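[1] curious how this folds, go ahead:
(2 chains)
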Amino acid sequence: GDSVTQKQGQVTLSEDDFLFINCTYSTTTYPTLLWYVQYLGQGPQLLLKVTTANNKGISRGFEATYDKGTTSFHLQKASVQESDSAVYFCALVNNYAQGLTFGLGTRVSVFP
Amino acid sequence: EAAVTQSPRNKVAVTGGKVTLSCNQTNNHNNMYWYRQDTGHGLRLIHYSYGAGSTEKGDIPDGYKASRPSQENFSLILELATPSQTSVYFCASGGQGSSYEQYFGPGTRLTVL
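    Model (predicted):
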């Protein structure tokens, strides 16, 4: 079945540092790949999506790209702020209406 | 703005007791989902629904039932709660044809003693 692997459990950064999070995926269908962000005490919210059509998504200073050759997708931000502290999940859209397959999440802590 | 609400926000239950978690959405979305979130496991799909009257099993349905009496409401039922069901539960809704745009509620923290 579909699977997503997100190996970075925690990332600690200082403000203005570069953020890079990587996920690998496995699916038999054309993937739609998502990044969700979860702030403390809240539910996850969609940050970005990437499809085979666009290869890239940009929102709120974050950029998501995917590499079909290595079946991996990445989330990056050039200069993080303390307000970016959150847990970031990669997710794979599985069959229609069967929900999302999430990675384990990466806790990003940004210190001033 | 899409709105998904959950009740209760916190619940303490006893082993063997019945627990019902409720979810309401005002997005007029067809699809609704229940996930649980645990450290080391991320978010896992328990049940989902295509619309009123329908429920489908997700990846980890054992020990859970679901009910979708209307477009707006989707409940998760633990008939005989166990300590292993201690977790944070999230409900989400999504529109037809855009299942990736799932809007999540704030979560319910359930502790089974």
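[2] rest of the way, CA atoms for contacts and neighbours
    OK.
[3] so what's the residue nearest to A:L40 when sequence neighbours are not counted up against?
    Spatial nearest neighbour of A:L40, chain neighbours left out: A:A86 (6.7 Å); criterion: Cα to Cα, 6 or more residues apart in numbering or on different chains. Neighbouring residues of A:A86 by Cα atoms under 8 Å, 6 or more residues apart in numbering or on different chains: A:37-40, A:107-109.
[4] A:L46 now?
    So A:L46 contacts A:34-37, B:101-103 (Cα under 8 Å, 6+ apart).
[5] ditto for A:F102
    So A:F102 contacts A:3-4, A:89-92, B:42-44 (Cα under 8 Å, 6+ apart).
[6] what's opposite it in the beta bridge?
    A:A91 (DSSP bridges).
[7] quick one: contacts for B:V14?
    B:81-82, B:112-113.
[8] among the residues you listed, name the buried ones.
    Among those, those classed as buried by 16 or more other Cα atoms under 10 Å in any protein chain shown are B:81-82, B:112.
[9] next step: those residues restricted to strands.
    B:V112 (DSSP state E).
[10] from the buried ones among the contacts of B:V14, which single one is nearest B:Y48?
    Nearest to B:Y48 among these is B:A81, at 19.8 Å by Cα to Cα.
[11] any idea how far B:E79 lies from chain A?
    As judged by Cα to the nearest Cα, to the nearest Å, B:E79 and chain A stand 24 Å apart.
[12] next: B:K18.
    25 Å.
[13] wait, doesn't that residue sit right on B:E79?
    Yes: judged on Cα atoms under 8 Å, B:K18 makes contact with B:E79 at a distance of 4.6 Å.
[14] how about the residues of chain B by chain A?
    For chain B, the residues in contact with chain A (Cα under 8 Å from any Cα of the partner chain) are B:31, B:33, B:40-45, B:48-50, B:58, B:90, B:96-97, B:99-107.
[15] settle this for me: B:N27 is touching B:Q71, isn't it.
    No: applying Cα under 8 Å as the test, B:N27 and B:Q71 come out as separate, 9.5 Å apart.
[16] out of these two, which sits in the more crowded spot?
    For B:N27 and B:Q71, the more surrounded residue by other Cα atoms under 10 Å in any protein chain shown is B:Q71, and the numbers stand at 20 against 16.
[17] count of neighbours near the nearest residue to the more buried one once chain neighbours are set aside?
    In space, and not counting its chain neighbours, B:Q71 is closest to B:A52: 5.1 Å by Cα to Cα, 6+ apart. For B:A52, the neighbour count with other Cα under 10 Å is 17.
[18] which secondary structure elements does the helix or strand of chain A with the lowest mean pLDDT sit against?
    Ranked by mean pLDDT, DSSP states H and E, the helix or strand of chain A with the weakest confidence is strand A:56-59, at a mean of 82. In terms of contacts (3 or more Cα pairs under 8 Å, 6 or more residues apart in numbering or on different chains; DSSP states H and E), strand A:56-59 is packed against strand A:45-51, strand A:62-67.
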